[in-house]
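1. Sharing a sequence plus its predicted fold:
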Amino acid sequence: MKLSQILFSQGIGTRRVCAGMVDAGLVSLDGRVLDDPNEDFATAGLVLTVEGKPWPYFEKALVLLNKPAGYECSQKPKHHPSVMTLLPAPLRNRGVQPIGRLDEDTTGLLLLTEDGGLIHRLTSPKHHVPKVYEVGCKHPVSDEQVAQLLAGVVLEDDPAPVRAAACERVSELHLRLTLTEGKYHQVKRMIAAVSNRVETLHRSAFGHLQIPAELAPGQWMFVDGWRPPAA
Ligand code: URA
């Protein structure tokens, strides 16, 4: 693929801007400044340096964001900034969107992609990718509450019971809950259904993905090569 087309496909800018960046000597590969926007490159494993920063090529980007509290996942946020403001312009230009939503006050692992098929697969009820939540509860968690969450609870406006795939009491006020669905406010509603209340909520895992220790709240990284199994 031609260099200017590669840069354009990665959301770096319009075709004209991308060609201008090459002319200005802002794009390099392995220390060699690239000066021909029409030079062809194989894209597999390609890592360009754009304005001094490494930019790995991905046909479709999959991004892991360590979401801080105080950000909304909606594209049209009402009361707080959107999580999209935490991503650089090229990712926003590419149309990267959250895969499902975390509430404004929920922290932790949020995946985003521009791959509509992947969003559809991962948010479809048929897909049972486990998601792990660290739940800070207002009241001490009883054995009975743990048993109820595992057996299934009925949520308002939803007659089918929902159950936790796993539920572990980590300490008196801390539950680790694994869910395989993603219903609206599911954790908060399940905890309310057993007469407790969520004080803090953090998603620590999505499938086999976890937040690397060095990825601070508000930071993001590309996820290379992970695609979940088909539903
Ligand atoms: N369940 C909730 O209640 N809120 C979230 O943000 C995620 C899961």
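-> Arrived safely, thanks for sending.
2. what sits against the residue lying closest to V153 once chain neighbours are set aside?
-> Leaving aside its chain neighbours, V153 sits nearest to A193 (4.0 Å; criterion: Cβ to Cβ, 6 or more residues apart in numbering). The C-beta positions use only the backbone N, C-alpha and C, and glycine is treated the same way. A193 is in contact with 148, 153-155, counting by Cβ atoms under 8 Å, 6 or more residues apart in numbering.
3. now with 7 Å?
-> By Cβ atoms under 7 Å, 6 or more residues apart in numbering, the contact set of A193 is 153-155.
4. what's the answer for E168, then?
-> Residues near E168 by Cβ under 7 Å, 6+ apart: R176.
5. start the count at 591, not 1, going forward
-> Sure, I'll start counting at 591 from here, so that last one is E758.
6. Within the helices and strands, which one has it?
-> For E758, the enclosing helix or strand under DSSP states H and E is strand 756-761.
7. Helix, strand or coil: sort out V736 for me.
-> helix (DSSP: H, G, I helix; E, B strand; the rest coil).
8. any idea of the mean pLDDT for the strand holding E758?
-> Mean pLDDT, strand 756-761: 97.
9. That one: which residues count as buried?
-> Of the residues in strand 756-761, 757, 759 count as buried by neighbour count, 16 or more other Cβ atoms under 10 Å.
10. Stretch 618-633 now?
-> Buried residues in stretch 618-633, defined by neighbour count with 16+ other Cβ under 10 Å: 618, 624, 627.
11. so which of those residues comes closest to the ligand?
-> Nearest to the ligand among the buried residues of stretch 618-633 is S618, at 40.8 Å by Cβ to the nearest ligand atom.
12. partners of the host helix or strand of the closest one, with directions?
-> Element membership of S618 [criterion: DSSP H and E] is strand 617-619. The pairing partners recorded for strand 617-619 under DSSP bridges are strand 622-623 (antiparallel), strand 637-640 (antiparallel).
13. Present the ones you listed as CSV; the columns should include mean pLDDT and distance to the ligand.
-> Putting the strands paired with strand 617-619 into CSV (pLDDT from 0 to 100; distance: least, Cβ to the nearest ligand atom, whole Å) gives the following:
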stretch, mean pLDDT, distance to the ligand
strand 622-623, 96, 45
strand 637-640, 95, 34
